[in-house]
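**Q** got a predicted structure plus its sequence, pasted below:
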Amino acid sequence: MRVALPDSTLGAARRSLRAELSARRRAVGAAERTAAAERAALNADRVLHLAAGQRIAVYAALAAELDSAPLIALARSRGCRIFLPRIDRRRRSRGMRFVELGGALRENRLGIGEPAGFITIGARWLDLVFLPLVGFDRCGLRLGAGGGFYDRAFAFRQLRCVWHKPLLVGFGYAFQQVERLAAAPHDVFMDAVVTDEGFIRCTTG
């Protein structure tokens, strides 16, 4: 069940929680971050069974985020096709495209690494998407950085009654889980979350 709050109250609550959880992420040391990322990648493979030919979207991690590099390396070793998001500056809707990972990444204006290639795929045709997150709850609600890019990219899932691909899986630290997040109308729920401590199937996604 979604918890509805007035927009102003919801925004203030999210900003406060985002600041608190972001501070906890920044406090994680480099060695601990690397070890946690490797455990999380193995947890993802153990349950999701990464396989050749799968079209998988992964994010390029910022310094405080759980590092996605071990997950990307593992998926590549399984023969998966890897796609990374790229913000499309030409679209007024502040859209996001998914571009196949090839060579080096280039930083966008937000400091996020983006692929420079030209092979793209529509969000509807991905098999599995790993989403960065600041916080999450067991219902599958995700607290992101606040840009809304992923919610817009996968808004079509809210219109489906049966087929819910691609599978949306959060990727983060176990301590980022909170008891309950209040939902906004535009929020797209996740199906599961992978952390350094295990795999959580969400109850709403």
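**A** Now that the structure is in, tell me what you want to look at. Numbers count the residues shown, from 1 in each chain.

**Q** from here on, just use CA atoms for contacts and neighbour counts.
**A** OK.

**Q** for the nearest residue to Ser68 once chain neighbours are set aside, list the residues it contacts.
**A** Distances taken as CA to CA, 6 or more residues apart in numbering put Ala61 closest to Ser68, at 5.8 Å, once the chain neighbours are dropped. Contacts of Ala61 were listed using CA atoms under 8 Å, 6 or more residues apart in numbering, and they are 67-69, 112-113, 132.

**Q** for the residue positioned nearest the centre of the chain, helix, strand, or coil?
**A** Centre of the chain computed as the mean C-alpha position; nearest residue by CA atoms, centre = their mean is Leu131, 0.7 Å away. Judged by DSSP: H, G, I helix; E, B strand; the rest coil, the three-state class of Leu131 is strand.

**Q** list the contacts of it.
**A** 58-59, 150, 168-171.

**Q** sorry, back to before: among the contacts of Ala61, name the ones in helices.
**A** Members of these lying in helices (criterion: DSSP state H): Ala69.

**Q** between the contacts of Ala61, which sits nearest Glu100?
**A** Nearest to Glu100 among the contacts of Ala61: Gly113, at 13.0 Å, using CA to CA.

**Q** in the chain, which spans are strands?
**A** Counting by DSSP state E, the chain has strands at residues 55-57, 81-87, 96-100, 105-107, 113-115, 120-121, 128-132, 135-136, 142-143, 167-172, 192-195, 198-201.

**Q** got any ranges where the chain has weak pLDDT?
**A** 1-8, 89-94, 160-164, 205 (pLDDT under 70).

**Q** apply 80 and report the result again.
**A** 1-11, 88-94, 103-113, 115-116, 146, 160-164, 204-205 (pLDDT under 80).
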